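Engineer: Got a predicted model here, sequence first, then my questions.
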Amino acid sequence: MKTCRLFFLSLILFLAGIPCWSQNISGVVNHYAAVKTLNGETITVDKTDNFLEGDKVLLIQMKGAEITTGNTQNFGTITNYGNAGNFEFLTIEKVSGNKITTTNAPCKKYNVSGAVQLVRVPVFENAVVAQSVICPAWNGATGGVIVIETSGVLTLKSAINASGKGFRGGSPVSGYFVCGDGEYASGDLGKKGEAIAVVSSQYDGGRAALANGGGGSNRGNPGAGGGGNYGAGGHGGNEWSGCGESNIYGKGGNALSIASGKIFMGGGGGGGFQDNNNPVSPGANGGGIIMIKASSIEGNGNAIRTNGANVSVLADYEGCGGGGGGGAAYFWVENYVGSLKIEVNGGNGGNVKNTLEQNECHGPGGGGGGGYVWFSQSETPSNVNVFSSGGKPGMVLNSGPCLNTSNDATKGANGTTLYDLLLPGSSEPSVDLGDDFNIQEGDKVELKANYSYSSYLWSNGDKNSSTIVDQPGKYWLEVPIGCENTDRDTVEVFMGAFIRDTVSKKTEVVFTENNVPVSIKERDVELQNTIVVNQPEFDIEVWDQSMVDGDSISLNLNGNWILQEYVVVKTKLKIHIKIDPNFSNNYLILYAHNLGEFSPNTAAVQVLIGDQKYKLQLSSDLSKSGALNFSYEPQR
């Protein structure tokens, strides 16, 4: 009977579309510890509750960027990201007291003064989000992060939500009123939003941004700036209208530069300023971090959210707080089933409604900048919708000249979606530029990396994933791989080797008496290369070495079709060749069925004869066909 019950339970789960042995999850699924010291494989933390041998953990540094300081307009500009945002996954080997030993030392560098935390990663076979999965809000040492891994399917019946759990919004400050207060950094003004940089209390207030944290409100009651992430935060509204047109406001948090191997929470919005003892709004929190590794996600129309928070307090005759910056969401997922929403929007800035003097205007808060989503795929999955808008600015709600305006407060800049995300700790493949090859005078050939690396450096100084060459010589590409190592590959380009006279015939005869084709399907045949071969059998490889644009080709050897209507791609197609040893001329003709997206129709051909490799290019259009002659000269 037990077997029968198990069978029927499995059948019910199968019919319901839920994988067998799924575990329901909800609430907080991770555990967190603040890192005190790092020494090789040994990590000292503030507590080891719920960390066990064999657990997978995320090591991540939340802060540590360097900024420009001093009471100047450039305060808060990021000068060096340092170790801020570094993260990787490790496995626990042993737990003893407050020390955790991992099976390997961390690959990247970390500085515990930059708020490093250890997050336990639950690993499931299959998991069902039965009720919302959340995380504790970032408290300055831990939290703000959701990480889930499944070897199978992650099924969403509810949301995964880290909205408003990121860097904290700046608190409001009370003080005296002054028109035209332009201070950028001071400890007694509306506090700046929390960010990836740390600043002393002497400079933690005032209207300049703090890295991606929004600037605070000053004594004239302007609005504070929104927090930033990929998108910059919007700036706050102008100070009290009785001060005239001063254009003084809290600046929006700076946009962050996103790099492989780093991840950032949304910056907090700046805090308001109070001088009338009326309600004043703090800055809103930024969005947290979400990381998911799974074979498949079944969305079922649900959402994964890490939006910046909206300012919820309505200010009255005071300066308003800024919205929180959107968070970040990373996905190492192979398949997406059903519809799924992913949200990394910036939060809305604070509103103001004056009850004392309704014809006067104060400064609403700026909107938070949008966050970013990063997929392991090369494009957004078709059934996934990403939302990364910047937050709206706050509004003036009292009657008067500013009614339903933002008093020049601005929305946050939009976020973005990124692709080809690598899994930290996995080894990127070695860079491979392929074999040495030949070009003809006037040719321009694209050299391209075989993988999407975090950065590129070519011998000619280019820093893109590809470079164009038109001269012979040696060209190298250097890329970062593994644990802060680099790899380099070199390819040599030759000019004119193995190429003989070009022949062009214009007759209706298919072949001349010495086996030279002059037309094929009423198109002229143009000899483009000649290779001397000393054996009748060998292999060739055919592929598209530049841009894949839908070229469709057929290949004809000595009057016989050896490949028909083949769409050329990046992957090399190997073909075994048998020439006729009775002829000294054996023509391989490339016949174009179309011109693809870019004319002419081209294909790279590599001839493999023993240990020798000859790489060249054939091109054809709709009026002529390029040909390669295998000139047979047997060894004597």
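Structural biologist: Okay, I see it.

Engineer: In a strand, residue 113, correct?
Structural biologist: No. Judged by DSSP: H, G, I helix; E, B strand; the rest coil, residue 113 forms no part of a strand; its state is helix.

Engineer: ok, now which ones touch the nearest residue to it once chain neighbours are set aside?
Structural biologist: What sits nearest to residue 113 in space, not counting adjacent residues and going by Cβ to Cβ, 6 or more residues apart in numbering, is residue 64, at 7.1 Å. (Each C-beta comes from the backbone N, C-alpha and C, glycine too.) Counting by Cβ atoms under 8 Å, 6 or more residues apart in numbering, residue 64 touches 81-84, 111, 113-115, 196-198.

Engineer: Swap in 7 Å and give it another go.
Structural biologist: Neighbouring residues of residue 64 by Cβ atoms under 7 Å, 6 or more residues apart in numbering: 82-84, 111, 114.

Engineer: For ChimeraX, what selects the buried ones among those?
Structural biologist: To isolate the buried members of the contacts of residue 64 in ChimeraX, using 16 or more other Cβ atoms under 10 Å:
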select :82,83,84,114
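
Engineer: which of the contacts of residue 64 are the two that sit furthest away from each other?
Structural biologist: Greatest spacing in the contacts of residue 64, by Cβ to Cβ: 84 and 111 (9.0 Å).

Engineer: Closest one of the contacts of residue 64 to residue 157?
Structural biologist: residue 84 (35.6 Å).

Engineer: What distance do you get for the residue nearest the centre of the chain to residue 298?
Structural biologist: Computing the C-alpha centroid of the chain and ranking residues by Cα atoms, centre = their mean puts residue 418 first, at 3.2 Å. With distances taken as Cβ to Cβ, to the nearest Å, residue 418 is found 23 Å from residue 298.

Engineer: ok, back up a step: can you add pLDDT and give the contacts of residue 64 back as JSON lines?
Structural biologist: Formatted as JSON lines, these follow (pLDDT from 0 to 100):
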{"residue": "82", "pLDDT": "94"}
{"residue": "83", "pLDDT": "94"}
{"residue": "84", "pLDDT": "97"}
{"residue": "111", "pLDDT": "97"}
{"residue": "114", "pLDDT": "96"}
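
Engineer: out of the contacts of residue 64, which one sits closest to residue 321?
Structural biologist: Of the contacts of residue 64, the one sitting nearest to residue 321 (Cβ to Cβ) turns out to be residue 84, at 24.2 Å.

Engineer: Just grab the bridge partners of residue 303 for me.
Structural biologist: Residues in a beta bridge with residue 303, per DSSP bridges, are residue 341.

Engineer: begin at 19 from here
Structural biologist: Sure, I'll start counting at 19 from here, so that last one is residue 321.

Engineer: Need the pLDDT of it.
Structural biologist: Note on residue 321: pLDDT of 98.

Engineer: Next secondary structure after the helix or strand of the chain with the lowest mean pLDDT?
Structural biologist: When the helices and strands of the chain are scored by mean pLDDT, DSSP states H and E, helix 20-33 comes last with a mean of 37. As assigned by DSSP states H and E, the chain's next helix or strand after helix 20-33 is strand 40-46.

Engineer: Please name the strands paired to the helix or strand following that following strand in the sheet, noting orientation.
Structural biologist: Using DSSP H and E, the helix or strand that follows strand 40-46 in sequence is strand 49-57. According to DSSP bridges, strand 49-57 forms sheet pairs with strand 60-63 (antiparallel), strand 134-139 (antiparallel).

Engineer: quick one: which of those strands is nearest residue 614?
Structural biologist: Among those, strand 134-139 sits nearest to residue 614 (Cβ to Cβ), with 45.6 Å.

Engineer: so how far is the closest one off the chain centroid?
Structural biologist: The chain centroid and the centroid of strand 134-139 are separated by 22 Å under Cα atoms, centre = their mean, to the nearest Å.

Engineer: wait, isn't residue 167 in contact with residue 141?
Structural biologist: Yes. Using Cβ atoms under 7 Å, residue 167 is in contact with residue 141, at 4.7 Å.

Engineer: so who does residue 222 touch?
Structural biologist: Residue 222 neighbours (Cβ under 7 Å, 6+ apart): 205, 209-210.

Engineer: picking that back up, now the strands paired with strand 49-57 in CSV, with mean neighbour count and mean pLDDT?
Structural biologist: Below are the strands paired with strand 49-57 laid out as CSV (neighbours: other Cβ atoms under 10 Å; pLDDT from 0 to 100):
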stretch, mean neighbour count, mean pLDDT
strand 60-63, 20, 98
strand 134-139, 23, 98
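
Engineer: JSON lines for those, including distance to residue 155?
Structural biologist: JSON lines is the format used below for these (distance: least, Cβ to Cβ, whole Å):
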{"stretch": "strand 60-63", "distance to residue 155": "20"}
{"stretch": "strand 134-139", "distance to residue 155": "13"}
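
Engineer: Pull the number of nearby residues for residue 595.
Structural biologist: Other residues within reach of residue 595, judged by other Cβ atoms under 10 Å, total 19.

Engineer: Pull the contacting residues for it.
Structural biologist: Neighbour list for residue 595: 555-558, 575 [criterion: Cβ under 7 Å, 6+ apart].

Engineer: which element follows whichever strand or helix holds it toward the C-terminus?
Structural biologist: Using DSSP H and E, residue 595 sits within strand 591-596. The helix or strand immediately downstream of strand 591-596 is strand 605-610, counting by DSSP H and E.

Engineer: Within the sheet, what are the partner strands of the strand holding residue 595, with directions?
Structural biologist: strand 555-561 (antiparallel).

Engineer: got the phi/psi numbers for the nearest residue to residue 305 once chain neighbours are set aside?
Structural biologist: Spatial nearest neighbour of residue 305, excluding adjacent residues (Cβ to Cβ, 6+ apart): residue 345 at 2.6 Å. Here is the backbone geometry of residue 345 (degrees, to the nearest 10): phi -90, psi -160.

Engineer: Show me the strands in the stretch 69-218 of the chain, by range?
Structural biologist: Assigned by DSSP state E, counting those that start in this stretch, the strands in the stretch 69-218 of the chain fall at 74-79, 84-85, 96-98, 105-114, 117-120, 134-139, 141-142, 144-152, 163-168, 171-174, 178-179, 191-192, 204-209.

Engineer: Ignore what I typed, I meant the stretch 469-618 of the chain.
Structural biologist: Here the stretch 469-618 of the chain has its strands, by DSSP E, counting those that start in this stretch, at 475-476, 484-487, 491-499, 503-513, 537-538, 541-551, 555-561, 570-575, 578-585, 591-596, 605-610.

Engineer: low pLDDT regions in the protein?
Structural biologist: Low-confidence segments of the chain (pLDDT under 70): 19-39, 443-446, 458, 470, 472, 500-503, 513-528, 531, 654.

Engineer: Please render the contacts of residue 595 as a markdown table that adds distance to residue 366 and neighbour count to the earlier fields.
Structural biologist: Putting the contacts of residue 595 into a markdown table (distance: Cβ to Cβ, whole Å; neighbours: other Cβ atoms under 10 Å) gives the following:
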| residue | distance to residue 366 | neighbour count |
| --- | --- | --- |
| 555 | 72 | 11 |
| 556 | 68 | 18 |
| 557 | 63 | 12 |
| 558 | 62 | 22 |
| 575 | 68 | 20 |
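
Engineer: of those, closest to residue 329?
Structural biologist: Checking the contacts of residue 595 one by one against residue 329 (Cβ to Cβ), the nearest turns out to be residue 558, at 66.2 Å.

Engineer: quick one, what contacts the closest one?
Structural biologist: 593, 595, 623-626.

Engineer: Now the buried members of those residues.
Structural biologist: Neighbour counting by 16+ other Cβ under 10 Å classes 595, 623-625 among the contacts of residue 558 as buried.

Engineer: Residue 291: which of the residues you listed is nearest?
Structural biologist: residue 624 (69.6 Å).

Engineer: The spatially closest residue to residue 307 that is not a sequence neighbour: how many residues sit nearby?
Structural biologist: Excluding the flanking residues, the one nearest residue 307 by Cβ to Cβ, 6+ apart is residue 163, at 4.6 Å. Neighbour count for residue 163, taken as other Cβ under 10 Å: 28.
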